[in-house]
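Visitor: quick check, what structure comes out for this input:
(chains A and B)
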There are 2 protein chains.
Amino acid sequence: MPKIVRFYETGGAEVLKIEELPLVEPGVNEVRLKVEAIGLNRAEVMFRQGHYLENPVFPSRLGYEAAGIIDAIGPGTTGLQIGDRVSTIPSFSIGTYGVYGESAVVPAYAVAHYPENLSPVEGTAIWMQYLTAFGALIEFGHLQRDDTVLITAASSSVGLAAIQIVKSVGATAIAITRGADKKSFLMGAGADHVVVTNEQDLVESVMSLTAGKGVNMVFDPVAGPLLGELAGASAPGATIFEYGALSAEPTTFPLFAALAKGLTVRGYTLFEIVKNAESLARGKQFIYSGLKTGELKPIIDRTFPLESIVEAHKYMESNQQQGKIVVKV
Amino acid sequence: MPKIVRFYETGGAEVLKIEELPLVEPGVNEVRLKVEAIGLNRAEVMFRQGHYLENPVFPSRLGYEAAGIIDAIGPGTTGLQIGDRVSTIPSFSIGTYGVYGESAVVPAYAVAHYPENLSPVEGTAIWMQYLTAFGALIEFGHLQRDDTVLITAASSSVGLAAIQIVKSVGATAIAITRGADKKSFLMGAGADHVVVTNEQDLVESVMSLTAGKGVNMVFDPVAGPLLGELAGASAPGATIFEYGALSAEPTTFPLFAALAKGLTVRGYTLFEIVKNAESLARGKQFIYSGLKTGELKPIIDRTFPLESIVEAHKYMESNQQQGKIVVKV
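Guide: Sure, this is the predicted structure:
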């Protein structure tokens, strides 16, 4: 029987349990994957803690991203075959369809072939990060080459994906990180500038880097008090995308800066893209194209075996990672 | 010598003083108006209190809107003649060029002819209210006829202008007011629905009126804790325009609603329109056209003589008004 990760209560990483459960047959419009690699996301940590947009129903599975080989196909599914190498696009319930484990049943619409030159570890590090950044920067933000984009939590997989996307359109990326230890990594990952907030004032530094203009776009999963600084670093007419809630503190709307500069603060999640067939098609095309040219290339921080899923979650929470954390199955 | 309103310190309405001051000659690209009517705006109350985007330099004039007859033209001015009936478009410093008084010098670019069938009292009740609402709803919001718009502070001149603009494009207007006393007035002013927040739950009422969908657009000058309710009453993908800061309380960004629904919160002021020649031209055209068809028609609440400027400001602060407060000079 396949090993499956489930949890019975919200809490620390230790609540994750590996259990042997019967193989499940895919239902109508579903497929089953023999999982080869699992991409970890902050969303799963928040879901495990009970702080996510969706709440677990116990015992709950979890997980949005897996790469694997289709080993069973449910009724009604077209365009996919047993033996296909695919990875999952997070467009389903993280609890009902959680992919952490050796086997996962997912909706057929939520799998996509990934380029043959990528390994399963890379294949599971594509959709969440690139589609999330694509949706904000390209689909809604209409990023242009003379734009400057501020990227917070820049060492996260989505942050790095955003840097690559900004550079792929020829725009300027300013990465924000707390500690100096990640600065050279971020420069190597393509950032034009890195601001280290433990050492530098965010607003002053960004204004200095932009000749007093500020940035045209912000891509931020933190929110909380940081939003005020992001508004301070923004140019007139800028758009601030908020795509997460990592801060535990309340988020004050920067009203006077927003009025004075005509700022837009836009709540955004990947679901706006994956639930819209046209947006998703544009996103997939953009990403396939970028992977082919090499302008987009998943950065893998570290892999863990499935047995170490608790350690993998703890590692994500330590914020040491520089890129995607992947579990090899 | 003309009577001019100035103030020497921020504070209550009583700080406004009427003084006789020498007639001023217009400078380069300026014109002088013999003022016939002054349109009062909340901005002037906030400027007087020291709570506006711009701070007074004492002794300070104040005022954005006047209708009058050009009685002097400065060097460099073209397209305007002595004797022209014009009113001012608020696109200048409220302090440097304040129009409260019998005479006002303003930049030539900031005056526009108003339709001949309007009185000076109506002519001074056009630009601030209609351009403000036009900019958010039409220029940036791209309002469509199947949209539903929530309008707070609906009995204010800008709120009423927004109702008229919403109706002129065939969309649905839900007006929000605190007390039941203004309900019938707002229905008469064109609102499709009125929600009285002293008696009704805002979110529940709006959801009920929209068959559970919520509104596509919000036009709000209040901010503060109200923003959370406005987000609750919004449909997925809605845009909330914040165009003022009437609430004295902090404004919390409704992060989880924004993430879940993909909401946009957009700080906005009229200056984005009046500082952009193309936007301003589109706005003027839209307003001239609406005034001509009668779809736009200024609603005047009450007029005061210039001697009663203090009472006029107190009246505005009492929030009893239903439309524009105008001072006849």
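Visitor: low-confidence ranges in chain A?
Guide: Chain A contains no residues with pLDDT under 70.
Visitor: helices of that one, residue ranges please.
Guide: Using DSSP state H, the helices of chain A run over A:42-49, A:120-123, A:127-134, A:157-168, A:183-188, A:202-209, A:226-232, A:255-261, A:271-274, A:277-293, A:309-317.
Visitor: give me the nearest residue to the spatially most central residue of chain A, chain neighbours excluded.
Guide: Geometric centre of chain A, nearest residue: residue A:129, 3.7 Å, by C-alpha atoms, centre = their mean. Nearest non-adjacent residue to residue A:129, counting by C-beta to C-beta, 6 or more residues apart in numbering or on different chains: residue A:161, 3.8 Å away. All C-beta spots, glycine's among them, are computed from the backbone N, C-alpha and C.
Visitor: quick one, domains of chain A?
Guide: When chain A is parsed with automatic domain parsing, its domains come out as A:3-126+A:299-328, A:128-271.
Visitor: show the end-to-end separation of the last one, please.
Guide: In terms of C-alpha to C-alpha, to the nearest Å, the two terminal residues of domain A:128-271 are separated by 10 Å.
Visitor: re earlier: out of the domains of chain A, deepest packed?
Guide: Each of those was scored by mean neighbour count; the highest is domain A:128-271, a mean of 21, by mean count of other C-beta atoms under 10 Å in any protein chain shown.
Visitor: how near is the closest residue to residue A:36 other than its chain neighbours to residue A:311?
Guide: Of all residues not flanking residue A:36 in the chain, residue A:120 sits nearest, at 3.8 Å (C-beta to C-beta, 6+ apart). Taking C-beta to C-beta, to the nearest Å as the measure, residue A:120 and residue A:311 are separated by 20 Å.
Visitor: so residue A:26 sits against residue A:103, correct?
Guide: No: in this structure residue A:26 lies outside contact range of residue A:103 using C-beta atoms under 8 Å: 10.3 Å.
Visitor: what sits in contact with each of those two?
Guide: Common contacts of residue A:26 and residue A:103, defined by C-beta atoms under 8 Å, 6 or more residues apart in numbering or on different chains, comprise residue A:32.
Visitor: beta partners for residue A:65?
Guide: Counting by DSSP bridges, residue A:65 forms beta bridges with residue A:39.
Visitor: quick check, it in contact with residue A:130.
Guide: No: assessed by C-beta under 8 Å, residue A:65 is found out of contact with residue A:130, at 11.5 Å.
Visitor: what residues does chain A have near chain B?
Guide: Within chain A, the residues that sit near chain B (C-beta under 8 Å from any C-beta of the partner chain) are A:53, A:223, A:227, A:237, A:242-245, A:250-253, A:255-269, A:272.
Visitor: now with 7 Å?
Guide: Contact residues (C-beta under 7 Å from any C-beta of the partner chain) of chain A with chain B: A:53, A:223, A:227, A:242, A:245, A:250-253, A:255-256, A:258-260, A:262-269, A:272.
Visitor: how many neighbours does residue A:298 have?
Guide: By other C-beta atoms under 10 Å in any protein chain shown, 24 other residues sit near residue A:298.
Visitor: so what's it closest to, chain neighbours aside?
Guide: Counting by C-beta to C-beta, 6+ apart, the residue nearest residue A:298 is residue A:125, at 3.9 Å.
Visitor: from residue B:15, how far off is the closest residue to residue A:103 other than its chain neighbours?
Guide: The spatial neighbour of residue A:103 that comes closest, neighbours along the chain excluded (C-beta to C-beta, 6+ apart), is residue A:2 at 3.9 Å. Separation of residue A:2 from residue B:15 (C-beta to C-beta): 77 Å.
Visitor: residues in contact with the residue in the stretch 51-200 of chain A positioned nearest to chain B?
Guide: Nearest residue of the stretch 51-200 of chain A to chain B (C-beta to the nearest C-beta) works out as residue A:53 at 5.9 Å. By C-beta atoms under 7 Å, 6 or more residues apart in numbering or on different chains, residue A:53 lies in contact with B:259-260.
Visitor: report the separation between it and residue B:204.
Guide: 22 Å.
Visitor: and if you look at residue A:13?
Guide: Applying C-beta to C-beta, the value for residue A:13 to residue B:204 is 40 Å.
Visitor: now the strands for the stretch 101-250 of chain A?
Guide: A:103-107, A:111-113, A:148-151, A:172-177, A:193-196, A:215-220, A:234-242 (DSSP state E, counting those that start in this stretch).
Visitor: want to try JSON lines for the ones you listed, with distance to residue B:69 as columns?
Guide: Shown next, in JSON lines, are these (distance: least, C-beta to C-beta, whole Å):
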{"stretch": "strand A:103-107", "distance to residue B:69": "71"}
{"stretch": "strand A:111-113", "distance to residue B:69": "69"}
{"stretch": "strand A:148-151", "distance to residue B:69": "48"}
{"stretch": "strand A:172-177", "distance to residue B:69": "52"}
{"stretch": "strand A:193-196", "distance to residue B:69": "56"}
{"stretch": "strand A:215-220", "distance to residue B:69": "44"}
{"stretch": "strand A:234-242", "distance to residue B:69": "36"}
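Visitor: and of the ones you listed, who's closest to residue B:157?
Guide: Minimum separation from residue B:157 across those (C-beta to C-beta) falls at strand A:234-242, 26.2 Å.
Visitor: list the helices and strands that closest one packs on?
Guide: Where contact means 3 or more C-beta pairs under 7 Å, 6 or more residues apart in numbering or on different chains; DSSP states H and E, strand A:234-242 is packed against strand A:215-220, helix A:255-261, strand A:264-267.
Visitor: of these, which approaches residue B:89 most closely?
Guide: Proximity to residue B:89 (C-beta to C-beta) singles out helix A:255-261 among the helices and strands packed on strand A:234-242, at 18.8 Å.
Visitor: which strands or helices does that closest one pack on?
Guide: Helix A:255-261 packs on helix A:226-232, strand A:234-242, strand B:264-267, going by 3+ C-beta pairs under 7 Å, 6+ apart.
Visitor: dump those to TSV, plus distance to residue B:194.
Guide: As requested, these are exported to TSV (distance: least, C-beta to C-beta, whole Å):
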stretch	distance to residue B:194
helix A:226-232	33
strand A:234-242	32
strand B:264-267	24
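Visitor: relative to residue A:47, which of those is closest?
Guide: For residue A:47, the closest of the helices and strands packed on helix A:255-261 is strand A:234-242, at 18.7 Å, according to C-beta to C-beta.
Visitor: starting at the chain centroid, how far to that closest one?
Guide: Relative to its chain's centre, strand A:234-242 lies at 21 Å (C-alpha atoms, centre = their mean, to the nearest Å).
Visitor: now swap in stretch A:78-95 and tell me
Guide: Counting by C-alpha atoms, centre = their mean, stretch A:78-95 comes out at 17 Å from the chain centroid.
Visitor: contacts for that stretch next, please.
Guide: Residues contacting stretch A:78-95 (C-beta under 7 Å, 6+ apart): A:31, A:43-44, A:47, A:54, A:56-57, A:60-67, A:69-71, A:73, A:99, A:106-114, A:123-124, A:126-128, A:131, A:270, A:274-275.
Visitor: so what's residue A:150 up against?
Guide: Applying C-beta under 7 Å, 6+ apart to residue A:150 gives the contacts A:174, A:176, A:206, A:215, A:218, A:230, A:233.
Visitor: chain B versus the last one, what's the distance?
Guide: Counting by C-beta to the nearest C-beta, to the nearest Å, the separation of residue A:233 from chain B is 15 Å.
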